[in-house]
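**Q** Got a predicted model here, sequence first, then my questions.
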Amino acid sequence: AFSQLPVSDGARLVGLLTGETIARWLAATYAIGKEVNFNESIHAVLTHQEPTTTHAILSQSATVFDGLTRFEAALHQGQALLAILITTTGGESDPLLGIVTPTDIP
(Lines give C-alpha, C1' and ligand atoms only; values in the text may rest on other atoms or scores of the structure.)
Protein backbone atom coordinates (compact mmCIF):
# COMPACT_ATOMS: atom_id res chain seq x y z
CA ALA A 1 0.00 0.00 0.00
CA PHE A 2 1.17 3.53 -0.74
CA SER A 3 0.90 6.20 1.93
CA GLN A 4 2.83 8.98 0.17
CA LEU A 5 2.55 9.97 -3.47
CA PRO A 6 4.87 12.59 -4.97
CA VAL A 7 2.94 15.08 -7.12
CA SER A 8 4.48 17.12 -9.91
CA ASP A 9 3.25 19.93 -12.11
CA GLY A 10 5.05 19.22 -15.33
CA ALA A 11 8.64 18.68 -14.29
CA ARG A 12 8.43 20.55 -10.96
CA LEU A 13 7.66 18.71 -7.72
CA VAL A 14 4.77 20.48 -5.96
CA GLY A 15 4.06 18.29 -2.96
CA LEU A 16 3.49 14.97 -1.34
CA LEU A 17 -0.04 13.61 -1.27
CA THR A 18 -0.50 11.70 1.99
CA GLY A 19 -3.31 9.97 3.81
CA GLU A 20 -3.30 12.83 6.31
CA THR A 21 -3.72 15.38 3.50
CA ILE A 22 -6.71 13.48 2.16
CA ALA A 23 -8.19 13.24 5.67
CA ARG A 24 -7.82 17.02 6.13
CA TRP A 25 -9.49 17.62 2.76
CA LEU A 26 -12.39 15.30 3.70
CA ALA A 27 -12.79 16.96 7.11
CA ALA A 28 -12.78 20.44 5.55
CA THR A 29 -15.37 19.38 2.99
CA TYR A 30 -17.67 17.92 5.66
CA ALA A 31 -17.12 20.94 7.93
CA ILE A 32 -18.68 23.29 5.38
CA GLY A 33 -21.52 20.89 4.65
CA LYS A 34 -20.48 20.04 1.10
CA GLU A 35 -20.84 16.64 -0.46
CA VAL A 36 -17.48 15.01 -1.14
CA ASN A 37 -16.52 15.23 -4.79
CA PHE A 38 -14.30 12.25 -5.50
CA ASN A 39 -13.43 13.81 -8.86
CA GLU A 40 -11.77 16.76 -7.09
CA SER A 41 -8.42 17.77 -8.54
CA ILE A 42 -5.24 16.77 -6.72
CA HIS A 43 -4.32 20.46 -6.72
CA ALA A 44 -7.41 21.23 -4.61
CA VAL A 45 -6.67 18.38 -2.21
CA LEU A 46 -3.03 19.51 -1.85
CA THR A 47 -4.23 22.82 -0.42
CA HIS A 48 -4.77 20.76 2.75
CA GLN A 49 -1.14 19.55 2.97
CA GLU A 50 0.58 19.26 6.30
CA PRO A 51 1.67 22.71 7.52
CA THR A 52 5.32 21.65 7.84
CA THR A 53 7.66 20.10 5.31
CA THR A 54 6.94 16.41 4.97
CA HIS A 55 9.63 15.51 2.48
CA ALA A 56 13.19 16.25 1.51
CA ILE A 57 14.91 15.95 -1.85
CA LEU A 58 18.34 14.41 -2.26
CA SER A 59 20.46 13.75 -5.33
CA GLN A 60 21.12 10.28 -6.61
CA SER A 61 24.73 10.66 -5.43
CA ALA A 62 23.64 11.11 -1.78
CA THR A 63 24.66 8.37 0.62
CA VAL A 64 22.55 6.28 2.96
CA PHE A 65 24.12 8.28 5.77
CA ASP A 66 22.88 11.52 4.15
CA GLY A 67 19.34 10.13 4.13
CA LEU A 68 19.49 8.90 7.71
CA THR A 69 20.85 12.29 8.77
CA ARG A 70 17.87 14.06 7.13
CA PHE A 71 15.36 11.80 8.91
CA GLU A 72 17.14 12.33 12.24
CA ALA A 73 17.42 16.10 11.80
CA ALA A 74 13.68 16.35 11.17
CA LEU A 75 12.97 14.41 14.37
CA HIS A 76 15.22 16.76 16.37
CA GLN A 77 13.19 19.69 14.98
CA GLY A 78 9.95 18.03 16.10
CA GLN A 79 8.87 17.24 12.55
CA ALA A 80 8.01 13.99 10.85
CA LEU A 81 9.85 13.56 7.58
CA LEU A 82 7.58 11.20 5.66
CA ALA A 83 9.77 10.69 2.62
CA ILE A 84 13.01 11.51 0.90
CA LEU A 85 12.59 11.94 -2.83
CA ILE A 86 15.58 11.05 -4.97
CA THR A 87 16.28 13.08 -8.12
CA THR A 88 19.27 13.34 -10.41
CA THR A 89 20.82 16.45 -8.83
CA GLY A 90 18.53 17.01 -5.83
CA GLY A 91 16.48 19.69 -7.58
CA GLU A 92 12.70 20.04 -7.57
CA SER A 93 12.61 20.13 -11.38
CA ASP A 94 14.68 16.97 -11.86
CA PRO A 95 12.91 13.74 -12.79
CA LEU A 96 11.93 11.67 -9.77
CA LEU A 97 14.10 8.56 -9.54
CA GLY A 98 12.91 7.07 -6.27
CA ILE A 99 11.41 7.53 -2.85
CA VAL A 100 12.67 6.44 0.58
CA THR A 101 10.36 6.34 3.59
CA PRO A 102 11.04 5.56 7.25
CA THR A 103 9.61 2.09 6.72
CA ASP A 104 12.46 1.39 4.28
CA ILE A 105 14.98 1.73 7.12
CA PRO A 106 15.66 -1.64 8.76
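**A** Looks like it came in fine.

**Q** Quick test: name the residue nearest the centre of this protein.
**A** With distances taken as C-alpha atoms, centre = their mean, Leu16 lies nearest the centre of the chain, 2.6 Å away.

**Q** Mind listing the residues bridging to that one?
**A** Pro6 (DSSP bridges).

**Q** got a list of what it touches?
**A** Going by C-beta atoms under 8 Å, 6 or more residues apart in numbering, Leu16 touches Gln4, Leu5, Pro6, Val7, Gln49, Thr54, His55, Leu82, Ala83, Leu85. Using the backbone N, CA and C atoms, a C-beta is placed for each residue, glycine as well.

**Q** From Leu5, how far out is it?
**A** Applying C-beta to C-beta, to the nearest Å, the value for Leu16 to Leu5 is 7 Å.

**Q** Then Asn39?
**A** Noted for Asn39: a distance of 17 Å to Leu5, by C-beta to C-beta.

**Q** Counting neighbours, go ahead and name the busier of these two.
**A** Neighbour count, other C-beta atoms under 10 Å: between Asn39 and Leu5, Leu5 has more, with 15 against 5.

**Q** wait, the more buried one sits on Leu17?
**A** Yes: assessed by C-beta atoms under 8 Å, Leu5 is found in contact with Leu17 at 4.4 Å.

**Q** What score does the closest residue to Thr18 other than its chain neighbours have for pLDDT?
**A** Spatially, and ignoring its direct neighbours in sequence, Thr18 is nearest to Gln4 (5.3 Å; C-beta to C-beta, 6 or more residues apart in numbering). Looking at Gln4, its pLDDT is 82.

**Q** Same check on Thr69?
**A** 94.

**Q** which SSE is it in?
**A** Taking DSSP states H and E as the criterion, Thr69 maps to helix 64-76.

**Q** Mind giving me the packing neighbours of that helix?
**A** Contacts defined by 3 or more C-beta pairs under 8 Å, 6 or more residues apart in numbering; DSSP states H and E place helix 64-76 against strand 55-59, strand 83-87.
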